[in-house]
Each structure stands twice: as structure tokens, then as C-alpha cells.
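**Q** The sequence and its predicted three-dimensional model are supplied below.
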Amino acid sequence: MSEPPLSLSQSYHERTKYDPATIMQRGRALDFSQQPQPFKEYKFGTYYDLKPYLENPEAAQSPMGRLSRLLYYSYGLTGVIPQPEQPIYLRSAPSAGGLYPAEVYLVAREDAMLPPGLYNYQVNTHSLCHFWSDHVWSGFEEACLWHPALRATHLALVITAVFYRSAWRYEDRAYRRILLDSGHLLGNIELTAALNDYRAHCIGGFLDESLNQLLYVDRAQEGAICAIALADLLKVDQNLPPTQTALPSPITTNYPSIADGALLSSLHQATQILTAQTTYSNDVPSPAYQDKYNFPFCQKIPTQSPPIDWGPAGQGLAETLHTRRSTRQYTGAAISLEDLTALLDFTYHPQHYAEQALEGHSDFFDLSLIETFIAVSDINGLEAGCYYYAVHAQELRQVRFKQFRAELHYLCLQQELGRDAAALVFHTADLKAAVARYGDRAYRYLHLDAGHLGQRLNLAAIRLHLGVSGIGGFFDNQVNDVLGLPADEAVLYITTLGQPARRR
Ligand SMILES: Cc1cc2nc3c(=O)[nH]c(=O)nc-3n(C[C@H](O)[C@H](O)[C@H](O)COP(=O)(O)O)c2cc1C
């Protein structure tokens with residue numbers, strides 16, 4: 001029997017794989033003078049300066065102060081690399097290649113603390129540009145398919161992507177990195193919301209055309225990726241239960257041949273929801289979470305760990321967000337098993353952190369579709385090799401025992417980070433199963449969730465004084481072959497962990 005045709009997202013994934021046989025043909029010199037600006041400019045609008053609220057600790061507790069902190073610690077400028085022509089600004093969220101394709105918008109309802117309408121978060125000046133002052137909330141609710149969290153809330157964020165900022169460098173494969181970046185940002189938003197008495201309710205299913213029109217974005221250049229209702233926890237009626245986060249799109253299997261260079265936009269189109277075929281339910285359906293892989297007679301290492309201590313009122317988290325940087329070089333030295341298990345605890349078990357003023361129920365889209373494998377090069381007390389992390393049983397299960405350093409260097413496109421890290425965390429998914437559940441939009445949810453997990457790993461590592469960096473470029477198929485990952489598991493993302501020689 002012949003195989004059913006691949007959905008567009010599966011086809012995109014196949015076609016954007018890096019492969020040793022073709023990678024050299026992809027290489028082209030980049031003209032950095034042509035690098036797109038990572039900031040959006042508005043010709044008209046009223047500006048609200050958010051800096052004074054950050055600088056004055058008393059003002060920080062005011063409604064505007066809480067919003068100012070939420071935005072700053074999620075996506076604000078936290079670093080600068082001087083350059084001869086113009087400096088490179090770094091943000092509290094990491095971004096593949098430092099290209100920052102994500103934009104953040106604020107939507108305010110009639111009786112919010114700001115005049116109603118639409119705002120763009122101007123990262124370079126830490127201000128909000130009020131570019132549309134009409135009443136948009138009911139249109140926003142409609143575009144978000146009447147997500148239940150929007151009934152009670154008065155503020156919401158929307159993350160969009162300006163595709164070319166990343167496609168300029170990464171071409172069609174940029175869509176993967178754009179979504180991973182946005183997932184990192186979502187991780188920050190969720191945590192900083194909790195620190196500032198907000199609860200971020202993620203809304204992954206929305207009518208794309210309607211939301212893009214509402215935001216006045218140029219749909220050829222930019223598109224909404226995710227909306228977030230910001231529930232004010234200081235208001236009784238906004239203390240809402242967790243809600244459903246994801247809705248399916250159709251599956252596109254009947255598509256013409258797509259030229260290289262047009263794949264990114266074709267996939268983005270295919271992941272859209274254009275008509276209200278399904279809506280949100282008030283109850284969060286509990287997906288059948290279970291550990292997918294068990295291997296007969298394999299060695300199992302328990303990973304239960306005391307929670308990471310984020311300090312009084314989670315203040316250590318704000319410091320971590322402020323100082324976080326991706327490690328540029330590892331020493332190659334070991335990390336401890338205690339550190340690894342603490343990282344896993346924070347990343348996959350948010351419920352252990354509700355007592356530390358953090359969100360105890362993370363709004364992932366669907367973690368039951370994502371698996372975790374860890375390549376261990378040097379962890380004290382753990383044999384080198386590849387392990388499956390069984391999240392629910394909280395144990396590592398051996399897949400292969402071997403020192404993979406040389407292979408990891410090669411798999412990560414010769415990046416030394418891969419060779420010198422103490423461990424590499426691989427997030428993977430069965431794309432066919434994910435598409436069967438969420439249509440082509442599954443591609444968004446999987447990469448957003450992988451980025452979100454990556455950000456939790458990032459923050460936990462920095463808190464434990466470890467080094468950490470994402471890796472978005474790898475030889476896809478060879479990762480499965482070398483590490484012994486099941487062939488159905490598409491690799492979404494790699495996070496490297498180790499002893500930092502140099503952060504930046
Ligand atoms: C999705 C993603 C992929 C990344 N891939 C790589 C990579 O392949 N190699 C690398 O050295 N850094 C990688 N990084 C780290 C970025 O280069 C880094 O975040 C960016 O330069 C900004 O610096 P900062 O994280 O220190 O703020 C990645 C980051 C993200 C979020």
C-alpha cells in the first residue's frame with residue numbers, strides 16, 4: 001500500500017533538514033550591512049515611557065510598574081555588544097543568530113489601566129507606542145475564537161514574527177527558529193507574569209487573518225504566532241482556572257510544487273486557521289500524558305530533585321532574567337547529576353514551584369507530543385551515553401552508552417558548543433501524530449513548546465551558575481542515527497549545558 005501524502009508541515013520539515021551532503025551548497029556569504037533592523041518603527045502614535053516605573057521601586061508596584069517589569073524581563077534590552085558601525089543589542093530572551101524576529105503587541109480593553117486600543121512594545125526605548133486608539137477588544141475576542149480567558153481579562157499580548165529578520169540568514173529553515181525564539185519568549189512571559197501578579201493564558205488557536213488585520217501588520221512580512229491573555233491576579237474575578245491553549249488547523253496535503261525560498265511563507269499559510277471550525281472548551285482536556293519509551297532491561301536513574309531555590313518572592317528569577325546570556329564556550333568539564341536533575345525538575349515540573357510565587361501550571365500547547373533525550377558527555381555519577389528522560393516516572397532510561405563528544409561536534413555542524421558541553425538535551429516529536437491531532441498548526445505548537453522548555457532550561461542553568469545555549473542548526477537525520485533515537489522522532493531543538501568558559 002502506498003504511503004499517504006505528506007502534509008505540508010511534514011514536507012517542510014523534510015526539505016529544511018540540514019544534511020552533510022548538501023550543507024556546503026547552502027552556505028553563502030552574508031552581507032551584514034543588509035541585516036534587517038530588529039526594531040519596528042511607527043510614524044504615528046502616542047508613546048508611554050515605561051522606564052521610570054523600572055527605575056523607581058515604589059512605582060514598580062503600581063499597575064503600570066507591573067506591566068513595565070513584565071515587558072522588560074520578558075523581552076527588554078539587557079545587554080549590548082559594541083560594534084564599529086552600530087552596537088548589537090541583546091534581550092532578556094535569546095534569539096537564534098541574535099535576529100529577534102518576534103514583536104510584542106499589547107491589546108487594551110476599555111477599562112484597562114491604559115487607554116483602549118493597540119500598542120507595540122518598543123524594545124529599544126522600553127516604551128509602548130499606542131498606534132491605534134479605537135475599541136478593539138470584541139474584535140480581538142472574536143479573532144481569538146472567544147477564548148474563555150479573554151472574557152474576564154483587560155489586557156493581552158500578541159507575539160508576531162517579522163519573518164525576513166530571520167529568513168535573511170536562515171532562509172526557509174528560519175520558520176523553525178522563529179517559532180523556537182517565540183517559545184523562549186513565551187517562557188519568559190509566563191514566568192515574569194507570575195512575578196508581577198499576572199497569569200499568562202496562552203492562546204495558540206486564533207483566526208490568523210482576523211488577528212493580523214486587527215494588528216495592522218503587513219501580512220506578507222509579519223504574522224501573529226501566539227496571543228496571551230494577561231489575567232490580573234490582584235482582581236478576584238480574573239483568578240481563572242487554566243484553559244485550553246491549542247486548536248487545530250486543516251491539514252494541507254494537496255499543494256503544488258513549492259520552490260526553495262517560498263517554503264517558509266507556504267508553511268506559515270498552511271498552519272493558519274481561517275474559519276471558526278472548532279472553539280475552546282472551558283475545561284482543559286487532560287491529554288493522556290505518559291512516558292512513551294521504555295526499554296527492556298535498560299538502566300534507570302531516578303531524577304527526583306529538591307526544587308531550585310529562586311529566593312524570596314522569586315526575586316532570584318528576576319535577577320536571572322536580567323543577567324541571562326547564552327554561553328559562547330564551555331570548558332569541557334563535568335556538571336553534577338544533582339544539577340542536571342534540578343534543571344529537569346524546574347523545566348518539566350512547574351507544579352513544584354507554585355510555593356515560590358511562580359506559575360504552578362505552565363501553559364504549554366501539548367507536551368504529550370514532545371519527548372526528551374539527553375546526550376551525556378560528562379556528568380558526575382552518570383555514564384556517558386544517550387538517555388530518554390521519562391518525565392512522569394522522573395527517571396533517565398538508557399538508550400546507548402558511548403562517549404559521543406566527537407559525534408556531537410559533527411551533528412551540531414562542527415560547533416564547539418556541541419563538543420564541549422557536558423550534556424545536550426534534544427526535544428523531539430512524531431510529526432505525523434502531531435499533525436493528526438492539530439493539523440499543520442501542530443508545527444507551530446511543537447516548536448513553541450520546545451522553545452518554551454528550552455527557556456526553562458536556560459533560566460535554571462543560569463541560576464545554578466552553569467552555561468547554556470540553544471542550537472537550532474544540526475544534521476537532522478544523523479542525530480537519530482548516531483544517538484539511537486527512534487526514526488519517527490523528528491528533532492526539534494537542542495539545548496547544550498555545561499561549565500561556562502565564556503558567556504559573552
Ligand atoms: C532557537 C535558538 C537557536 C540558537 N542556535 C544557536 C546555535 O546554533 N549556535 C549558537 O552558538 N548559538 C545559538 N543560539 C544562541 C543565540 O546565538 C543567542 O541567543 C543570541 O546570540 C543572543 O545572545 P544571548 O542569548 O546571550 O542574549 C540560539 C538561540 C536560540 C533561541
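**A** Now that the structure is in, tell me what you want to look at.
**Q** Around the ligand, which positions in the stretch 251-400 of the chain sit nearby?
**A** Within the stretch 251-400 of the chain, the positions adjacent to the ligand are Arg325, Ser326 by C-beta under 6 Å from any ligand atom. Bear in mind the C-beta positions are built from the backbone N, C-alpha and C, glycine included.
**Q** Secondary structure element for Asp260, which one?
**A** Secondary-structure assignment from DSSP states H and E places Asp260 in no helical or strand segment.
**Q** How about it, nearest residue that isn't a chain neighbour?
**A** Of all residues not flanking Asp260 in the chain, Asp172 sits nearest, at 6.4 Å (C-beta to C-beta, 6 or more residues apart in numbering).
**Q** Find the nearest non-adjacent residue to the residue sitting nearest the centre point of the chain, please.
**A** Residue closest to the mean C-alpha point of the chain, counted by C-alpha atoms, centre = their mean, is Gly183 at 1.3 Å. Nearest non-adjacent residue to Gly183, counting by C-beta to C-beta, 6+ apart: Gly451, 2.1 Å away.
**Q** what number of residues lie near that neighbour?
**A** Other residues near Gly451 come to 31 when the count uses other C-beta atoms under 10 Å.
**Q** pLDDT score for it?
**A** Gly451 is assigned 98 on the pLDDT scale.
**Q** now do Gly27
**A** 65.
**Q** Next up, identify which helix or strand the residue nearest to Gly183 is on.
**A** Gly451 belongs to helix 442-463, assigned by DSSP H and E.
**Q** would you put the C-alpha positions of that helix in CSV?
**A** Included here for helix 442-463 are C-alpha records, laid out as CSV according to Å, rounded to 0.1, in the frame of the first residue of the first chain:
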residue,chain,number,x,y,z
ALA,A,442,1.0,21.3,15.1
TYR,A,443,4.3,22.5,13.6
ARG,A,444,3.8,25.8,15.5
TYR,A,445,2.8,24.2,18.7
LEU,A,446,5.7,21.7,18.8
HIS,A,447,8.4,24.3,18.2
LEU,A,448,6.8,26.9,20.5
ASP,A,449,6.7,24.2,23.2
ALA,A,450,10.3,23.1,22.5
GLY,A,451,11.4,26.8,22.8
HIS,A,452,9.4,27.2,26.0
LEU,A,453,11.1,24.1,27.5
GLY,A,454,14.4,25.5,26.2
GLN,A,455,13.9,28.8,28.1
ARG,A,456,13.1,27.0,31.3
LEU,A,457,16.3,25.0,30.9
ASN,A,458,18.2,28.3,30.2
LEU,A,459,17.0,30.1,33.3
ALA,A,460,17.5,27.1,35.6
ALA,A,461,21.1,26.7,34.3
ILE,A,462,21.9,30.3,34.8
ARG,A,463,20.5,30.2,38.3
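**Q** Let me see the contact set for the residue nearest to Gly183.
**A** Leu179, Leu180, Asp181, Ser182, Gly183, His184, Leu185, Leu186, Gly187, Tyr493 (C-beta atoms under 8 Å, 6 or more residues apart in numbering).
**Q** For the stretch 101-250 of the chain, which segments count as helices?
**A** Applying DSSP state H, counting those that start in this stretch to the stretch 101-250 of the chain gives helices spanning 137-143, 149-152, 163-170, 174-195, 208-214.
**Q** Reformat the ones you listed as JSON lines; add distance to Leu424 and mean pLDDT.
**A** What follows is the helices of the stretch 101-250 of the chain, written out as JSON lines (distance: least, C-beta to C-beta, whole Å; pLDDT from 0 to 100):
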{"stretch": "helix 137-143", "distance to Leu424": "39", "mean pLDDT": "98"}
{"stretch": "helix 149-152", "distance to Leu424": "36", "mean pLDDT": "96"}
{"stretch": "helix 163-170", "distance to Leu424": "20", "mean pLDDT": "96"}
{"stretch": "helix 174-195", "distance to Leu424": "15", "mean pLDDT": "98"}
{"stretch": "helix 208-214", "distance to Leu424": "34", "mean pLDDT": "98"}
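**Q** Quick one: closest of the ones you listed to Leu411.
**A** Nearest to Leu411, of all the helices of the stretch 101-250 of the chain, is helix 174-195, at 16.1 Å by C-beta to C-beta.
**Q** Least confident secondary structure element in this protein?
**A** Using mean pLDDT, DSSP states H and E, the weakest-scoring helix or strand in the chain turns out to be helix 23-26, at a mean of 70.
**Q** circling back: residues contacting the residue nearest to the centre of the chain?
**A** Taking C-beta under 8 Å, 6+ apart, one finds His447, Leu448, Asp449, Ala450, Gly451, His452, Leu453, Gly454, Gln455 in contact with Gly183.
**Q** just Arg437 next, same as before
**A** Pro248, Asp366, Leu369.
**Q** Those residues, buried ones only, as a PyMOL selection?
**A** Listed next is the PyMOL selection for buried residues among the contacts of Arg437, using 16 or more other C-beta atoms under 10 Å:
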select buried, resi 248+366+369
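**Q** Out of the contacts of Arg437, which comes closest to the ligand?
**A** Nearest to the ligand out of the contacts of Arg437 is Leu369 (C-beta to the nearest ligand atom; 18.6 Å).
**Q** ok, for the closest residue to the ligand within the stretch 101-250 of the chain, nearest residue in space, not its chain neighbours?
**A** Closest to the ligand within the stretch 101-250 of the chain is Leu180: 3.6 Å, counting by C-beta to the nearest ligand atom. Of all residues beyond its chain neighbours, the one nearest Leu180 is Gly451 (3.9 Å), with distances taken as C-beta to C-beta, 6+ apart.
**Q** And for Val107?
**A** Using C-beta to C-beta, 6+ apart, the nearest residue to Val107 is Ala156, at 4.5 Å.
**Q** in terms of contact, does that neighbour touch Phe140 like I think?
**A** Yes - with contact defined as C-beta atoms under 8 Å, Ala156 counts as touching Phe140 (6.7 Å).
**Q** any common contacting residues for the two?
**A** Val107, Leu150, Ala227.
**Q** now these in CSV, with neighbour count and distance to Pro302?
**A** What follows is the shared contacts of Ala156 and Phe140, written out as CSV (neighbours: other C-beta atoms under 10 Å; distance: C-beta to C-beta, whole Å):
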residue, neighbour count, distance to Pro302
Val107, 31, 45
Leu150, 26, 42
Ala227, 25, 39
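**Q** measure Phe346 to Leu50 for me?
**A** 28 Å (C-beta to C-beta, to the nearest Å).
**Q** what stretches of the protein score poorly on pLDDT?
**A** 1, 24-27, 284-288, 502-504 (pLDDT under 70).
**Q** domain parsing for it?
**A** Domain assignment for the chain, taken from automatic domain parsing, gives 43-270, 300-502.
**Q** returning to that earlier point: drop anything exposed from the contacts of Gly183.
**A** His447, Leu448, Asp449, Ala450, Gly451, His452, Leu453, Gly454, Gln455.
**Q** close enough to count as contact, the fourth one and Ile370?
**A** Yes - between Ala450 and Ile370 there is a contact under C-beta under 8 Å: 6.4 Å.
**Q** Identify the contacts common to those two.
**A** His427, Ala429, Leu492.
**Q** Is the last one in a helix, a strand, or coil?
**A** Same thing as Leu492. Here Leu492 takes the strand state, with states given by DSSP: H, G, I helix; E, B strand; the rest coil.
**Q** That one: how many residues sit nearby?
**A** Neighbours of Leu492 (other C-beta under 10 Å): 27.
**Q** and the closest residue to it other than its chain neighbours, what does it touch?
**A** In space, and not counting its chain neighbours, Leu492 is closest to Ala450: 4.1 Å by C-beta to C-beta, 6+ apart. Shown in contact with Ala450 (C-beta under 8 Å, 6+ apart): Leu180, Gly183, Ile370, His427, Ala429, Leu492, Tyr493.
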